[in-house]
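Visitor: what follows is a predicted structure for the sequence shown.
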Amino acid sequence: MTDKPAVALLGTGIMGSAMGRTLLRAGTPLRVWNRTAEKAEPLAEQGAVLGATPAEAVDGADVIITMLRDGDAVLHAMKEAAPRLREGQVWAQMSTTGPQAVPAEAQFAGEYRLSLVDAPVLGTRQPAEQGQLVIMAAGPDAARPAVQPVFEVVGKKILWVDDDAARAVASTLKLVANNWVVGLTNAVAETMALAKGAEVDPRLFLDVVEGGPLDVPYLRMKAKAILENNFEPSFALENATKDAALIVALAHACHVGLPVAEAMLARMRKAIEMGHGDEDVAATYFASFGS
């Protein structure tokens with residue numbers, strides 16, 4: 001293996017493309033594939049090798065990264081890659097698929113003798129562009145020499161939480177963390193909406209909390225999107241709602257009551273019905289004004 005493991009990236013949406021650009025800047029040999037090929041072409045223009053199929057993309061890779069919408073999409077892509085998979089490749093499954101998807105992923109990895117690392121990330125497009133993601137990883141110690149250098153390029157923190165990906169500790173932890181993200185987003189959106197509805201300048205609210213323990217960067221980021229009416233997605237509402245549904249399903253499975261999470265999921269679905277699904281998750285703001 002060379003100093004820089006060769007990487008195959010399956011999925012070049014918002015997150016995948018940002019991670020791909022970061023890997024290329026670091027000089028990582030990169031092969032990419034996306035079901036809509038046009039979304040992968042910018043990475044090819046920057047030096048990646050574009051595979052027409054997942055099988056072409058994974059051929060010769062040391063590490064395979066999947067960054068796709070859900071568990072079904074991940075397994076479908078890996079099954080299409082099967083003809084060119086080889087024993088010993090490390091599969092870093094970095095999509096948010098939820099713990100319920102991990103057993104099927106582990107079974108597939110076992111059938112093809114891949115080293116599965118369940119490694120969802122915390123962060124949106126900008127942290128991915130800057131190599132500042134938080135990576136929650138679970139997988140065998142033997143996989144770490146290949147995958148750790150890749151994680152260190154795209155992540156500022158790599159938290160190894162288990163040595164067995166099949167136990168789904170990493171994917172479960174990701175949903176716990178995303179419950180916090182979804183909660184913050186909806187809190188910002190509702191607070192800004194309340195200020196607008198009550199005819200109070202929402203900037204005054206931001207002045208009130210500035211510099212104190214209630215002032216966090218995420219508040220500033222999402223409030224700015226709302227104030228500027230700029231909902232270019234860094235975390236699309238459609239994908240955030242998928243994650244919120246996974247959170248609620250996890251809560252039901254472990255018999256934990258999360259009525260706030262259920263209400264947030266309903267609110268996000270309402271914003272999607274209003275036509276904001278492709279916009280940033282901050283567009284849940286509009287649900288406060290829908291009929």
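Guide: Ah, there it is.

Visitor: gap between residue 4 and residue 74?
Guide: Between residue 4 and residue 74 the distance is 25 Å, computed by Cβ to Cβ, to the nearest Å. To be clear about C-beta, it is placed using only N, CA and C from the backbone, and glycine gets the same treatment.

Visitor: out of the two, which sits in the more crowded spot?
Guide: The residue with more neighbours, out of residue 4 and residue 74, is residue 74; 24 against 16, by other Cβ atoms under 10 Å.

Visitor: please parse this structure into its domains.
Guide: Structural domains assigned to the chain are 7-166, 172-288, following automatic domain parsing.

Visitor: can you lay out those domains as TSV showing mean pLDDT?
Guide: Shown next, in TSV, are these (pLDDT from 0 to 100):
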stretch	mean pLDDT
domain 7-166	97
domain 172-288	98
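
Visitor: most tightly packed of the ones you listed?
Guide: Neighbour counts (mean count of other Cβ atoms under 10 Å) averaged over each of these peak at domain 7-166, with a mean of 20.

Visitor: quickly run through the sheet partners of the biggest strand by length in the chain, with directions.
Guide: What stands out as the longest strand in the chain, according to DSSP state E, is strand 155-162. According to DSSP bridges, strand 155-162 forms sheet pairs with strand 133-138 (parallel).

Visitor: and the residue lying closest to residue 125 once chain neighbours are set aside, how close does it get to residue 282?
Guide: Closest residue to residue 125 apart from its sequence neighbours, by Cβ to Cβ, 6 or more residues apart in numbering: residue 234 at 4.1 Å. Separation of residue 234 from residue 282 (Cβ to Cβ) stands at 9 Å.

Visitor: ok, now residue 189?
Guide: Separation of residue 189 from residue 282 (Cβ to Cβ) stands at 6 Å.

Visitor: also residue 201?
Guide: When residue 201 is compared with residue 282 (using Cβ to Cβ), they lie 18 Å apart.

Visitor: ok, which stretches of the stretch 151-291 of the chain are helices?
Guide: For the stretch 151-291 of the chain, the helices defined by DSSP state H, counting those that start in this stretch occupy 169-197, 202-209, 217-227, 237-253, 259-271.

Visitor: kindly report the same for the stretch 1-150 of the chain.
Guide: Counting by DSSP H, counting those that start in this stretch, the stretch 1-150 of the chain has helices at residues 14-25, 41-45, 54-58, 71-81, 102-111, 125-130, 144-154.

Visitor: mind putting these into a markdown table with distance to residue 170?
Guide: Shown next, in a markdown table, are the helices of the stretch 1-150 of the chain (distance: least, Cβ to Cβ, whole Å):
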| stretch | distance to residue 170 |
| --- | --- |
| helix 14-25 | 16 |
| helix 41-45 | 26 |
| helix 54-58 | 22 |
| helix 71-81 | 14 |
| helix 102-111 | 8 |
| helix 125-130 | 17 |
| helix 144-154 | 12 |
